[in-house]
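Enquirer: Sequence plus the predicted model coming up.
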Number of protein chains: 2
Amino acid sequence: MRSDAPTAAPPPQGDARERLVAAATDLFGRHGVRGTTVKMVAEQAGVSPALVIHHFGSKEGLRAACDRRLAEQLRAMKTSAMADSPALYIPRASAGMDDSRPLLRYLARVLVDRSPEVDALVDEIVDDAVVYTQQAEDAGWIVPSADRRARVVVLTLWSLGALVLHEQLDRLLGVDLLDEGGDILPYLQTSVEIFTDGLMTPEAAALLTAPEKGSS
Amino acid sequence: MRSDAPTAAPPPQGDARERLVAAATDLFGRHGVRGTTVKMVAEQAGVSPALVIHHFGSKEGLRAACDRRLAEQLRAMKTSAMADSPALYIPRASAGMDDSRPLLRYLARVLVDRSPEVDALVDEIVDDAVVYTQQAEDAGWIVPSADRRARVVVLTLWSLGALVLHEQLDRLLGVDLLDEGGDILPYLQTSVEIFTDGLMTPEAAALLTAPEKGSS
DNA sequence: CGTAGGACTGACTGAACGTTCAGTCAATAG
DNA sequence: CTATTGACTGAACGTTCAGTCAGTCCTACG
């Protein structure tokens, strides 16, 4: 064979099992699980579709394997990041890891098309963020909250939401959260500005939390 | 099985065309476009699959019709809401409209599986939010920003991101953005707290915007 | 009345999909 | 050597799906 590369896939390496999970993560992330066929995955991994079933039992089994690898790798990169704020978790976490693009793209997809593994992973992220936020609060970097966990949940989901909508963010702001070499400063600076200066004046906040009674 | 009501669909009303678009919006939002068959849509609308093609040419044509209706209805409900903050746009907008659940669920899905119509709709939302934010700033409700548009984009995407991840938000905080009678106060209060009190102390912000030079 | 046209359907088709299956090949063990 | 096992494949199978087609029903209009 003379080194055929039909897609823009990296040259296959590792054993077939690893290659399949990597290809599936990439393709699932790009086209969604339903939009990806086992044939596509097999081709990108350089094997036959039948081998996918041989190793993982079914397409769903392959997805489960991707979920496990996602959880594993995300756990590995988590400690280094997140120390600051859960809202900046993703851009900071990804910066610490090579080749995290397909992984994060897969995460973005699978956050919507949920699975038990991903739900558990989100729980973990929130739990960790609670701890780190507590520490940051003790250190005087973060202001206290009326409901610490609720705030972490909201911030985490805003951050993950921005990841899920990374295509829109790229379109509107020119910031690609999945482009490792890319410039995410506009997003970062804007986030930090909101988190330091705040957004609303006290009067406006009063209007919102105690709005007019009854409907319009 | 007698009197089969396979799904919890409302009794069909209106002409077939309207019923089809409504059914498609509902099912596309619930299972994604790819996870919905034209047969499912036809059944929920009480017609035959062939009629879907007759009216819309293709499944993609049906989706385009859903996009058009989404844009139309969202335009109708927009003026009443958003006056406060783009970050609270969705929960406030939906409050002003009956039966907005399927529509917003469809929006949440289609924000990820993009289409030209949806991209244009997002642009519109951002443009409108810029205007309203400007007014709120002039009125003294919102603090100024170094980059007004960038801030609006980030806030809008956080808000839409929370909508896209509404299942996770419901799971983690017990707040269902798509449940019209539901209690979204925990989400609202937390958001307002962040937007008024801020999140980070000035020292922490300084560390983030001017981080260590060079990579690790 | 007749006929033209749109709404609508049941039966069908070709393609694509996940999965099965029989079997090849290479490596390892006895 | 034979036996066994696991990775791996080509060819097929059964199913599902979007889309086609011929034709029926209903309504409007001459």
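Expert: Thanks, I have it.

Enquirer: so how far is A:L70 from the nearest residue to A:A65 once chain neighbours are set aside?
Expert: Nearest non-adjacent residue to A:A65, counting by CB to CB, 6 or more residues apart in numbering or on different chains: A:V21, 5.2 Å away. For the C-beta atoms, the positions are set from N, CA and C on the backbone; glycine is no exception. Distance from A:V21 to A:L70, counting by CB to CB, to the nearest Å: 10 Å.

Enquirer: With A:S115 instead?
Expert: To A:L70, A:S115 is 10 Å away according to CB to CB.

Enquirer: between those two, which one's more packed in?
Expert: The neighbour count for A:S115 versus A:L70, taken as other CB atoms under 10 Å in any protein chain shown, is higher for A:L70 (22 against 17).

Enquirer: Next, the more buried one: phi, psi?
Expert: Torsion angles at A:L70 (phi, psi; degrees, to the nearest 10) stand at phi -60, psi -50.

Enquirer: same deal with A:M200?
Expert: phi -110, psi 150.

Enquirer: Please look at it and B:I194 and confirm they touch.
Expert: No. Contact between A:M200 and B:I194 fails when scored by CB atoms under 8 Å: they sit 9.8 Å apart.

Enquirer: Touching both of those two, which residues are there?
Expert: Overlap of the contact sets of A:M200 and B:I194 (by CB atoms under 8 Å, 6 or more residues apart in numbering or on different chains) is empty.

Enquirer: need the contact list for the residue of chain A found nearest chain B.
Expert: In chain A, the residue that lies nearest chain B is A:G161 (1.7 Å; CB to the nearest CB). Applying CB under 8 Å, 6+ apart, we find A:G161 in contact with B:L157, B:W158, B:L160, B:G161, B:A162, B:V164, B:L165.

Enquirer: Among the residues you listed, which ones are in helices?
Expert: Judged by DSSP state H, the contacts of A:G161 include B:L157, B:W158, B:L160, B:G161, B:A162, B:V164 as members of helices.

Enquirer: Contacts only, for the nearest residue to A:P202 once chain neighbours are set aside.
Expert: Counting by CB to CB, 6+ apart, A:P202 lies nearest to B:T196, which is 6.4 Å off, once chain neighbours are set aside. By CB under 8 Å, 6+ apart, the contact list for B:T196 reads A:G198, A:L199, A:M200, A:T201, A:P202, A:A205.

Enquirer: which among those end up buried?
Expert: Listed as buried from the contacts of B:T196 are A:G198, A:L199, A:M200, A:T201, A:A205; burial here means 16 or more other CB atoms under 10 Å in any protein chain shown.

Enquirer: out of these, which are inside strands?
Expert: Using DSSP state E, no member of the buried ones among the contacts of B:T196 falls in strands.

Enquirer: Adding pLDDT and distance to DNA strand C, write the residues you listed out as TSV.
Expert: Output for the buried ones among the contacts of B:T196, formatted as TSV (pLDDT from 0 to 100; distance: CB to the nearest atom of the strand, whole Å):
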residue	pLDDT	distance to DNA strand C
A:G198	93	48
A:L199	93	45
A:M200	91	48
A:T201	90	53
A:A205	75	50
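
Enquirer: Regarding A:D179, what is its secondary structure?
Expert: coil (DSSP: H, G, I helix; E, B strand; the rest coil).

Enquirer: A:F56 is in contact with A:A65, correct?
Expert: Yes. The pair A:A65 / A:F56 is scored as a contact, 5.8 Å apart, by CB under 8 Å.

Enquirer: Residues of chain A that sit close to DNA strand D?
Expert: Within chain A, the residues that sit near DNA strand D (CB under 7 Å from any atom of the strand) are A:D15, A:A16, A:R17, A:A42, A:G46, A:V47, A:S48, A:P49, A:A50, A:L51, A:H54, A:H55.

Enquirer: Now do the helices for chain A: every range, in order, please.
Expert: So, for chain A - with DSSP H - the helices run A:16-31, A:38-45, A:49-56, A:59-78, A:89-95, A:101-110, A:116-138, A:148-164, A:166-173, A:185-197, A:202-209.

Enquirer: Of all those helices, which one is nearest B:L178?
Expert: When those are compared by CB to CB, helix A:148-164 sits nearest B:L178, at 14.6 Å.

Enquirer: Pull out the buried positions in that closest one.
Expert: A:149-164.

Enquirer: ditto for stretch A:125-137
Expert: A:I125, A:V126, A:D128, A:A129, A:V130, A:Y132, A:T133, A:A136.

Enquirer: can you check stretch A:48-55 too?
Expert: Buried residues in stretch A:48-55, defined by neighbour count with 16+ other CB under 10 Å: A:L51, A:V52.
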